[in-house]
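> got a structure for you, letters missing:
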Ligand SMILES: [Zn+2]
């Protein structure tokens, strides 16, 4: 699995993309508060809560990255979070269902593309672990001990990923605005006005 660095970076990206959307006009919009940011980052880390009993009982492998890392678990979590928000506010079920589903499934997708033992994508239909031929993340290689170069590579890999993501988030709206301005200038030159 990747460390929390990569998962937090993706949570932040979801927050940045969704906060710019008007709250009432889209089932994915959210306000730009610190509370919303904390909620999305928390949801992006949610599947790894299974590490807590593993750490407490000293048996991480038996608890962590098992049934919680499946598509079905993501749907159940989204229903639960959407339901809790609805019970509290009598509104926003669809929004928080969608936000949880996206955050949760992206977490599983990232773990899927990480060096390791694969993920139980299709639990409870099968307990088989799946992994792609090409991996994107070096992952936390804890079985090799804590004082190894593996952690340096992991850090380098995930900081590079987070940096690239932040750069895309910074550049995308600017490139988009620039292209729109170019298009408007061209329309103006052609005498097309609206
Ligand atoms: Zn995970």
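Done, it's in. Quick caveat, the model's predicted, so the values are computed rather than measured. Residues are numbered from 1 along each chain as shown.

> check which helices and strands the lowest-mean-pLDDT helix or strand in the chain is in contact with.
Every helix and strand in the chain was compared by mean pLDDT, DSSP states H and E; the lowest is helix 60-63, with a mean of 86. Here helix 60-63 touches helix 51-57, going by 3 or more CB pairs under 8 Å, 6 or more residues apart in numbering; DSSP states H and E. To be clear about C-beta, it is placed using only N, CA and C from the backbone, and glycine gets the same treatment.

> buried stuff in the helix it packs on?
Neighbour-count burial for helix 51-57 flags 51, 54 (criterion: 16 or more other CB atoms under 10 Å).

> picking that back up, quick one: contacts of the least confident helix or strand of the chain?
Contact partners of helix 60-63, identified using CB atoms under 8 Å, 6 or more residues apart in numbering, comprise 50-51, 53-54, 57, 142.

> can you tell me if stretch 58-71 touches the ion.
No - using CB under 5 Å from the ion, stretch 58-71 never reaches the ion; the gap is at least 5.6 Å.

> between the two ends of that stretch, how far is it?
Start and end residues of stretch 58-71 are separated by 27 Å (CA to CA, to the nearest Å).

> residues of it that come out buried?
Quick answer for stretch 58-71 (16+ other CB under 10 Å): 63-66, 68-71.

> tell me the phi and psi of residue 47?
Dihedral angles of residue 47 (phi, psi; degrees, to the nearest 10) stand at phi -60, psi -30.

> any idea how far residue 36 is from it?
20 Å (CB to CB, to the nearest Å).

> got it, and residue 115?
From residue 115 to residue 36 the distance is 32 Å (CB to CB).

> who in the chain is up against the ion?
Within the chain, the positions lying close to the ion (CB under 5 Å from the ion) are 1, 47-48, 111.

> tell me the helices and strands packed up against the longest helix seen in the chain.
The residue-count maximum for a helix in the chain (DSSP state H) belongs to helix 150-189. Here helix 150-189 touches helix 4-19, going by 3+ CB pairs under 8 Å, 6+ apart.

> and for the next helix or strand after the helix it packs on, what's in contact with it?
Once the chain leaves helix 4-19, the next helix or strand it forms, by DSSP states H and E, is helix 34-45. Helix 34-45 is contacted from outside by 4, 7-8, 10-12, 14-15, 18-19, 30, 81, 99-100, 103-104, 106-107, using CB under 8 Å, 6+ apart.
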